[in-house]
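In: need a 3D model of the following:
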Amino acid sequence: MVLNSLDKMIQLQKNTANIRNICVLAHVDHGKTTLADCLISSNGIISSRLAGKLRYMDSREDEQIRGITMKSSAISLHYAKGDEEYLINLIDSPGHVDFSSEVSTAVRICDGCIIVVDAVEGVCPQTQAVLRQAWLENIRPVLVINKIDRLILELKFTPQEAYSHLKNILEQINALTGTLFTSKVLEERAERETESQVNPNSEQGEQVYDWSTGLEDTDDSHLYFSPEQGNVVFTSAIDGWGFGIEHFAKIYSQKIGIKKEVLLKTLWGDYYINMKAKKIMKVDQAKGKKPLFVQLILENIWSLYDAVLKKDKEKIDKIVTSLGLKIGAREARHSDPKIQINAICSQWLPISQAVLAMVCHKLPSPLDITAERVEKLMCTGSQTFDSLPPETQALKAAFMKCGSEDTDPVIIFVSKMFAVDAKALPQNKPRPLSQEEIAQRRERARQRHAEKLAAAQGQAPLHPTQDESALETSPKGEEPRGDEQQVESTTPKPVLREENNQESFIAFARVFSGVARRGRKIFVLGPKYSPAEFLQRVPLGFSAPPDDLPPVPHMACCTLENLYLLMGRELEDLEEVPPGNVLGIGGLQDFVLKSATLCSLPSCPPFIPLNFEATPIVRVAVEPKHPSEMPQLVKGMKLLNQADPCVQILIQETGEHVLVTAGEVHLQRCLDDLKERFAKIHISVSEPIIPFRETITKPPKVDMVNEEIGKQQKVAVIHQTKEDQSKIPEGIQVDSDGLITITTPNKLATLSVRAMPLPEEVTQILEENSDLIRSMEQLTSSLNEGKNTQMIHQKTQEKIWEFKGKLEQHLTGRKWRNTVDQIWSFGPRKCGPNILANRSEDFQNSVWTGPAGKASKEASRYRDLGNSIVSGFQLATLSGPMCEEPLMGVCFVLEKWDLSKFEEQGASDNQNEEQSDLVKERQGEDKTCSDGDENQKLQDGFSEPFEKRSSQKGESSLTDCYGPFSGQLIATMKEACRYALQVKPQRLMAAMYTCDIMATSDVLGRVYAVLSKREGRVLQEEMKEGTDMFIIKAVLPVAESFGFADEIRKRTSGLASPQLVFSHWEIIPSDPFWVPTTEEEYLHFGEKADSENQARKYMNAVRKRKGLYVEEKIVEHAEKQRTLSKNK
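Out: Residues are numbered from 1 along each chain as shown. As a prediction, the model looks like this:
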């Protein structure tokens, strides 16, 4: 196949039925990019000799150096089979876990995917992750088992062993698919049952499968990978060969004379052939017969490798002639056996034929998009498809039809933005010179040469000056004048001035319906846009003319400027793109941040957000080396944020610019990009900022030397009591069971608060349902403001009740009685994993009931004061007392709040002047501010509205010398929560990674050594069947993970490499404030107890970073210095 022209591609794009959008997914280093190289070389874009060495899709320099892909990039290939011509949009994606967000962006715009598995390593952790991502997006996978040559050359398997090994790998993958499938069936079935209970006669939308009967009757045979179905190909990409069973079935049906259909069914599996009877039978292993796959396929490949490696020239010639191949003299004489194998195999079993034929036959075209996938894409959040407006539901037909008429709505999904050097854009490329221009330049060069000679001889003639003036007055339209270097430097100048030598952003997108044309007006819908809100804002509904629309939140209007065909490292200009194609769109950088939905109709909902496997957890603060370059850094970080789907950029209250990334490799890449592409300045980077959480636990039963508490003699009672006194100031009462009673500075209100640790399951439920809690909060606030617009949808209501049921199920026992009904707020930020419960008598406004029904004067006043208390709780949970980190898993119970004095004062003080001195208000607010990370913002946001509200209502705002009363309540509540925490046993929680390590048996010990040194804990280790590889699953604190991968590689000489994924928060068991108190502890730990306390080490590190007070002695044992000569 030769390189295709652009016109050919444009023509292929129009035939939607023959388009295949596919991505290549696999674990890191399983051969995705090499496979992509082989497919690209079949189109003549790169030479077949370089396939696998060039790694064409890795266009970044750091990708080439590290040898891993870091971003997904697309290329369009042409494949012809018989008279059918196909256009294949291939997207190569990264396998490293840090870049799994790139996989999500690729998977969303594809209809099918190729899963690549290394024949030696088999199914790895990231293979499972990508399979799950493909499954969640409802795209169909096919399997490529790559690196089969390693079975021959490295493991030296016999064909029989190789066959059983391959069978094993297939079983593992099918087991994975099976688990995904069963979980899905059972989920659907549960949903069905609940739906049928709610509305028994509801019509079901068209479903792809009929799940109603459950697992036994559900046909799942098409989901599994098996060679006889044609969705498995065996390849060795580096040697350029690959085959599906079909290829051999065709050959042997002619040779042996058995029907092709029979061979297709029996070439894989335990069948053997009886040559005399020309029959295929089930294997009887006792006779030592070999299965067909071994006898007819693997043995031939093995014997070819054998002949080439032993340099058996006669045998090679015999094989080549019998296969009817032509091998070039250079390859035949070459001393490297790899090159000979490549030359023979790539003609005998070309890999691109096998893989592309499978893709075209087995993977769906854009027309075959399932109804299920469309509905899933269109329903964001907790909506169901039936709850969308009717115009929106009508768009489903447009998705399914994928039509290209002018009447069809244009729907495009942008999955990510990527940066391209402005010089690489087609419109800025230098155009080739015409013949006349070349002749003119030659003439000019000749003249200049003559002048130089003349000048050297000392006769400067007058011609040159005339010539120069002639040159200067030459019309602008011609080629830039002057000598060659000047031409070079002047042509790009206008571009540079316009672009400011910056990166240009291109949207990586796919057209789902309609034709994308240059200059077409289109709506850009942000992820939070809702068609229902559009209907409220625009009286004419969706038919309103697009030119004079009122502003609708999260919607902008723009024009499609440039459309590009993505060709790996190149871009080609296009005028229009028919539906079902992948394309690049220029000129959207001001409208789209990371991903967006573009549509010609405002009735289209934004697509469901991409689901990322890796959560960003590694934070660093960056600043420029020279402070004057701050603006460039800010601008560079904005661009970086746009160019990377997973990175987050924050500016903290301390003024630090923080970069949040998914892992060390990802962090390194982001910093390189900042320095070299986006900010182009020198930056200094802080140590990683490690997030912690604070919590409390039940009082421990045993002390540090495992003795029961209360049994031993206390020695250091003095030690302990001193500690206790210092914690709680005067004027605050503490009960024996940790109830704190505290009064506001003006002595008018008293609060009693107790802190209790939540059970782990409850914390987990709160974390999982944070979105639901957020939507509950939005509903409550909109109802409070008197807008009854957002009617609660039935599905959401069901979810809320289910959530409440779960909480009730876990919060059982005497001390949790009725707590769920008393929940007043969650925190921090109203949706965190902490609870505020109110047990006072006159409390009626819980999270579940929504706003209080009777809006009497009394109730509204209580609501304002209540809001102050909730704000105090929010501030307290946002930064705990140990090191100003957020709290997690704590329940604060407000036992009573006594406002009787406040009410008396209010009655007597009704004539109090309303407008109090603003200065005092300010002071009151300043007093409540604390030094936490984000308190400043929350503080101002929370306290002002209450004062305004209370003063508007004509109540006494009671601004005495302590500032406004609402502010005092906030501060008092915050203090009460902090002290309630401090009287309980406090603990730090650390973020934990799960760590998957594949290692051979001889380096296991070293891996364990590195893990234990870094506080890691091994959960399980299992041996991979048929190999000497162990898979170790461990957990490791994020705080200890920096440099972990490098250390493991060094210690094991590169034989083990870990994959780290953030998994959960875990309590660090040691008490950060622990001191020895009993005799045994003194004996064991000594008076100083200076053995390393992990929790205290972390706590002090965070306090130092935040500039808080750290209790440490600078001089431990001070002694007078003595000189040795006189021992005075």
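In: CA atoms for contacts and neighbours, from now on please.
Out: OK.
In: verify the contact between residue 532 and residue 389 for me.
Out: Yes - using CA atoms under 8 Å as the test, residue 532 is close enough to residue 389 to be in contact (6.8 Å).
In: now residue 323. Nearest residue, chain neighbours left out?
Out: With CA to CA, 6 or more residues apart in numbering as the criterion, residue 323 has its nearest non-adjacent residue at 7.2 Å, and that residue is residue 348.
In: what's near enough to touch that neighbour?
Out: Residue 348 is in contact with 241, 323, 325, counting by CA atoms under 8 Å, 6 or more residues apart in numbering.
In: local confidence estimate at it?
Out: Predicted confidence (pLDDT) for residue 348: 91.
In: now it: how far from residue 629?
Out: 60 Å (CA to CA, to the nearest Å).
In: same check, this time on residue 142
Out: From residue 142 to residue 629 the distance is 50 Å (CA to CA).
In: more neighbours, the two?
Out: Neighbour count, other CA atoms under 10 Å: between residue 142 and residue 629, residue 142 has more, with 23 against 16.
In: could you report the distance from the more buried one to residue 232?
Out: Taking CA to CA, one finds residue 142 at 6 Å from residue 232.
In: tell me, what's touching those two both at once?
Out: Common contact partners of residue 142 and residue 232 (CA under 8 Å, 6+ apart): residue 225.
In: what segments of the stretch 101-250 of the chain are helices?
Out: Assigned by DSSP state H, counting those that start in this stretch, the stretch 101-250 of the chain shows helices spanning 125-136, 148-153, 159-198, 245-256.
In: going by mean pLDDT, which of those comes out lowest?
Out: helix 159-198 (a mean of 84).
In: how about the nearest residue to residue 378, chain neighbours excluded?
Out: Per CA to CA, 6+ apart, closest to residue 378 is residue 607, 5.2 Å.
In: check residue 24 too.
Out: residue 114 is the one closest to residue 24 (CA to CA, 6+ apart), at 4.8 Å.
In: confirm for me that residue 1066 is in contact with residue 989.
Out: Yes - contact status for residue 1066 versus residue 989: in contact at 5.2 Å, counting by CA under 8 Å.
In: name the residue in these two with the higher neighbour count.
Out: Neighbour totals were compared for residue 1066 and residue 989, and residue 989 leads with 23 against 15 (other CA under 10 Å).
In: mind listing what the more buried one touches?
Out: Residue 989 sits next to 692, 693, 694, 695, 1065, 1066, 1067, 1068 when contact means CA under 8 Å, 6+ apart.
In: repeat that for residue 838.
Out: The neighbours of residue 838, taking CA under 8 Å, 6+ apart as the test, are 822, 823, 824, 893, 894, 895, 896.
In: of those, buried ones?
Out: Listed as buried from the contacts of residue 838 are 822, 823, 824, 893, 894, 895, 896; burial here means 16 or more other CA atoms under 10 Å.
In: looking at those residues, spot the one nearest residue 522.
Out: Using CA to CA, residue 824 comes nearest to residue 522 of the buried ones among the contacts of residue 838, at 44.2 Å.
In: so that closest one versus residue 867, what's the distance?
Out: From residue 824 over to residue 867 the distance is 10 Å, taken as CA to CA.
In: hang on, the residue nearest to residue 378 packs against residue 528?
Out: No - using CA under 8 Å, residue 607 makes no contact with residue 528, being 9.8 Å away.
In: what mean pLDDT would you report for stretch 94-106?
Out: On average, stretch 94-106 scores 91.
In: same question, stretch 758-777
Out: Here the average pLDDT along stretch 758-777 is 88.
In: tell me which residues are up against it.
Out: With CA under 8 Å, 6+ apart as the criterion, stretch 758-777 contacts 799-800, 803, 806-807, 810-811, 830-834, 847, 888-891.
In: hey, where'd the helices end up in the stretch 451-600 of the chain?
Out: Going by DSSP H, counting those that start in this stretch, the stretch 451-600 of the chain shows helices at 463-472, 484-490, 493-499, 531-537.
In: now the stretch 1001-1128 of the chain
Out: Under DSSP H, counting those that start in this stretch, the stretch 1001-1128 of the chain gives helices at 1004-1013, 1044-1051, 1079-1085, 1094-1106.
In: what residues sit buried inside the longest one?
Out: Yep, that's helix 1094-1106 we're talking about. By neighbour count with 16+ other CA under 10 Å, helix 1094-1106 contains the buried residues 1095, 1096, 1098, 1099, 1100, 1101, 1102, 1103.
In: where does the stretch 651-800 of the chain dip in pLDDT?
Out: 709-728, 784-793 (pLDDT under 70).
In: ok, now with 50
Out: Within the stretch 651-800 of the chain, the set of residues satisfying pLDDT under 50 comprises 716-726, 789-790.
In: paired strands for the longest strand seen in the chain, with orientation please.
Out: Taking DSSP state E as the criterion, the chain has its longest strand at strand 986-1000. Within its sheet, and counting by DSSP bridges, strand 986-1000 is paired with strand 692-696 (antiparallel), strand 1029-1037 (antiparallel), strand 1057-1067 (antiparallel).
In: restrict the last one to CA atoms and write it as PDB.
Out: Put plainly, it is strand 1057-1067. The C-alpha trace of strand 1057-1067 is given here as PDB (Å, rounded to 0.1, in the frame of the first residue of the first chain):
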ATOM      1  CA  SER A1057       8.600  -2.000  38.500                       C
ATOM      2  CA  PRO A1058       5.800  -0.800  40.700                       C
ATOM      3  CA  GLN A1059       2.500   0.800  39.700                       C
ATOM      4  CA  LEU A1060       1.000   3.200  42.300                       C
ATOM      5  CA  VAL A1061      -2.600   4.200  42.400                       C
ATOM      6  CA  PHE A1062      -4.300   6.200  45.100                       C
ATOM      7  CA  SER A1063      -6.700   4.100  47.000                       C
ATOM      8  CA  HIS A1064      -7.800   5.300  50.500                       C
ATOM      9  CA  TRP A1065      -7.100   7.100  53.700                       C
ATOM     10  CA  GLU A1066      -5.800   5.100  56.700                       C
ATOM     11  CA  ILE A1067      -5.300   6.100  60.300                       C
END
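In: next, the angle helix 1004-1013 makes with it.
Out: Orientation check (axes from the mean of the first three to the mean of the last three CA atoms, to 10 degrees): strand 1057-1067 against helix 1004-1013 gives 30 degrees.
In: which parts of strand 1057-1067 are buried?
Out: For strand 1057-1067, burial by neighbour count (16+ other CA under 10 Å) applies to 1057, 1058, 1059, 1060, 1061, 1062, 1065, 1067.
In: pLDDT of that strand, averaged?
Out: For strand 1057-1067, the per-residue pLDDT averages 89.
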